[in-house]
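Novice: Following is a predicted model, sequence given first.
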Amino acid sequence: MSELAVQQPINSKRVDTEALSRFHQKRRWAKVAWVYTTLIMIATLMLGTFAVAFLASIKDDPLEHPFTFNFPQVRPANWVAAYNLGGQGGNDSLFGGFKPGAEMTFEVTYAVEEGESFTTPEIVVPHRRAGTGMAAAVFTDFAADYAQVTDVKVIGQTESVDYQVKRGRKVEEKSGHAQTWQFKVKYQGDGPEINHVPLTVQAPRNQILIDSTLEPTKMERRGRVASWDNISPGVIGYVFKSYIRVYQEAVDLDTGKSLFMSWTINSMLIAIGKVILTLFLACTAGFALARLKFTGSRAVFAFMLLSMMVPAQVTFISNYLIYRDIGLLNTPWSVITMIIASAQVLIMKQFFESIPKEVEEAAIIDGANPITILVKIFMPLAKPALMSVTILGFQIAWNDFFWPLVALNNPSSALTLPVGLLSLRNSYGLAGDWNLILAGAFLSTIPVLIIFIIFQRYFVGNDISSAVKG
């Protein structure tokens with residue numbers, strides 16, 4: 001009895017310890033679950049914003065309110081129609097067009113209430129430019145000068161049909177009968193290839209358009225006029241119209257070359273040049289501050305940290321005067337050589353300090369000098385830090401706006417992409433053509449994503465632990 005009395009508290013204490021251990025384990029997993037869920041929600045929110053921006057860039061009305069996800073450019077029926085019309089108009093089912101000898105077949109279906117009669121709609125290829133802004137000077141040929149609309153004929157009737165009538169945000173359900181007309185748009189004579197074939201179909205107010213070969217871009221005059229920006233787009237030209245317009249309409253009026261492509265190339269070359277120079281400065285300065293003992297090293301490090309707190313706007317006037325005096329303004333070098341690598345130096349310094357001293361001492365015993373130690377020993381071990389500096393430097397250089405805006409302003413083909421997007425904003429924003437601006441902004445994010453995807457595998461780990469044995 002005495003032994004059992006002594007052992008019983010020990011057993012109960014052991015049970016309490018195990019229960020407490022399970023309790024703490026559940027709490028740890030609960031915290032992990034909360035953190036993981038929070039990260040998933042943040043990632044979903046950011047991805048959702050990214051997706052909405054992309055969808056808005058391909059919509060006919062990016063400012064639509066409330067925002068809808070079911071619009072013509074995402075409907076497969078319109079993809080098929082755009083594919084067929086592109087093949088008929090320009091013998092190019094992907095990008096469309098309008099060439100000599102082309103003949104496109106188009107159909108529209110209207111509905112009216114019971115007891116009302118139909119009026120043949122009026123079909124017109126209007127004398128309308130393909131876009132706004134720079135397009136006024138780019139597209140000088142009009143489809144209306146070469147397009148001929150054949151006689152409109154009735155090809156079908158429906159005795160009973162239910163349809164909707166939209167009056168602003170109000171939708172009315174109605175019943176009646178429908179009639180389908182067919183017509184052809186032919187290219188008459190010999191002339192240039194035309195990128196866009198606009199079309200308008202006008203009918204009385206009581207006739208409601210309920211179907212067409214390709215959904216109209218917009219309804220005008222209180223629903224009386226259905227308008228198409230292009231009835232021969234091709235499937236890619238239909239879905240990604242805004243992205244094609246970025247390259248076609250944003251051109252240098254003197255040379256005819258695509259400004260958007262020039263801006264992209266300029267930004268890429270400048271970003272690559274700045275990354276190379278940043279890597280050189282970050283590695284050499286980081287190694288010197290981490291491993292080399294010299295007088296004033298702490299003062300240099302403190303000054304570097306202090307420089308990170310000084311905004312670039314404070315020193316841009318003096319920098320501008322310096323670059324003006326040495327003749328580098330309006331050249332890529334004025335942007336490439338404007339390096340502020342304090343953060344990158346700090347990253348490399350901290351990484352080099354984490355490398356065991358035994359690695360460096362073994363190299364010194366073998367007769368290696370500081371340059372050899374940096375290039376052949378430290379640099380191979382610093383792949384994760386180098387990739388971090390590369391991505392950070394590329395992102396900063398690619399998105400840099402203020403200094404390129406000051407240093408590069410002439411000619412227009414010398415601008416970087418962020419500054420070029422500002423010119424698109426000034427040219428197309430006043431006309432309310434936000435599709436093209438959104439498409440340009442969306443395209444500008446792709447290089448940074450590609451760089452991250454390429455280099456993200458280097459963040460997994462490093463080989464420092466395998467460099468020391470014993």
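Specialist: Yep, that arrived. Just so we're clear, the structure is a prediction, and the values are computed from it rather than from any experiment.

Novice: Report the contact partners of residue 69.
Specialist: Contacts here follow Cβ atoms under 8 Å, 6 or more residues apart in numbering; on that basis residue 69 touches residue 55. Using the backbone N, CA and C atoms, a C-beta is placed for each residue, glycine as well.

Novice: So it, which state does it fall into?
Specialist: coil (DSSP: H, G, I helix; E, B strand; the rest coil).

Novice: Same question for residue 324.
Specialist: helix.

Novice: what separates it from residue 406, distance-wise?
Specialist: Separation of residue 324 from residue 406 (Cβ to Cβ, to the nearest Å): 11 Å.

Novice: which one of these two has more residues nearby?
Specialist: Between residue 324 and residue 406, residue 406 has the larger neighbour count (other Cβ atoms under 10 Å), namely 20 against 13.

Novice: So which elements touch whichever strand or helix holds that one?
Specialist: Assigned by DSSP states H and E, residue 406 falls within helix 402-407. Where contact means 3 or more Cβ pairs under 8 Å, 6 or more residues apart in numbering; DSSP states H and E, helix 402-407 is packed against helix 312-325, helix 333-336, helix 417-428.

Novice: Please tabulate those helices in CSV and include distance to residue 350 and mean pLDDT as additional columns.
Specialist: Shown next, in CSV, are those (distance: least, Cβ to Cβ, whole Å; pLDDT from 0 to 100):
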stretch, distance to residue 350, mean pLDDT
helix 312-325, 24, 84
helix 333-336, 26, 89
helix 417-428, 30, 84
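
Novice: which stretches of this protein aren't confidently modelled?
Specialist: Across the chain, the ranges flagged by pLDDT under 70 are 1-16, 43, 46, 130-140, 168, 340-341, 430-431, 456-470.

Novice: just how off-centre is stretch 366-385 within its chain?
Specialist: Relative to its chain's centre, stretch 366-385 lies at 38 Å (Cα atoms, centre = their mean, to the nearest Å).

Novice: whoops, stretch 249-261 was the one
Specialist: 20 Å.

Novice: now the end-to-end length of it.
Specialist: End-to-end distance for stretch 249-261, by Cα to Cα, to the nearest Å: 11 Å.

Novice: Ok, stretch 187-203 next?
Specialist: Termini of stretch 187-203 sit 24 Å apart (Cα to Cα).

Novice: Enumerate the positions of that stretch that are buried.
Specialist: Neighbour counts using 16 or more other Cβ atoms under 10 Å place 187, 194, 195, 196, 197, 198, 199, 200, 201, 202, 203 of stretch 187-203 among the buried residues.

Novice: looking at it, residue 273 is touching residue 336, isn't it?
Specialist: Yes: the pair residue 273 / residue 336 is scored as a contact, 4.0 Å apart, by Cβ atoms under 8 Å.

Novice: Give me the longest strand you can find in the protein.
Specialist: Longest strand in the chain by number of residues, with DSSP state E as the criterion: strand 170-187.

Novice: name the helices or strands packed onto that strand?
Specialist: Partner elements for strand 170-187 (3+ Cβ pairs under 8 Å, 6+ apart): strand 103-113, strand 147-149, strand 153-167, strand 208-212.

Novice: strand partners of the first one, parallel vs antiparallel please.
Specialist: Listed by DSSP bridges, the sheet partners of strand 103-113 and their directions read strand 170-187 (antiparallel), strand 208-212 (antiparallel).

Novice: Show me the helices in the stretch 251-400 of the chain, by range?
Specialist: Here the stretch 251-400 of the chain has its helices, by DSSP state H, counting those that start in this stretch, at 259-291, 297-307, 312-325, 333-336, 342-354, 357-365, 370-372, 379-381, 383-399.

Novice: would a markdown table of those with distance to residue 210 be doable?
Specialist: Below are the helices of the stretch 251-400 of the chain laid out as a markdown table (distance: least, Cβ to Cβ, whole Å):
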| stretch | distance to residue 210 |
| --- | --- |
| helix 259-291 | 39 |
| helix 297-307 | 67 |
| helix 312-325 | 58 |
| helix 333-336 | 56 |
| helix 342-354 | 60 |
| helix 357-365 | 76 |
| helix 370-372 | 77 |
| helix 379-381 | 68 |
| helix 383-399 | 47 |
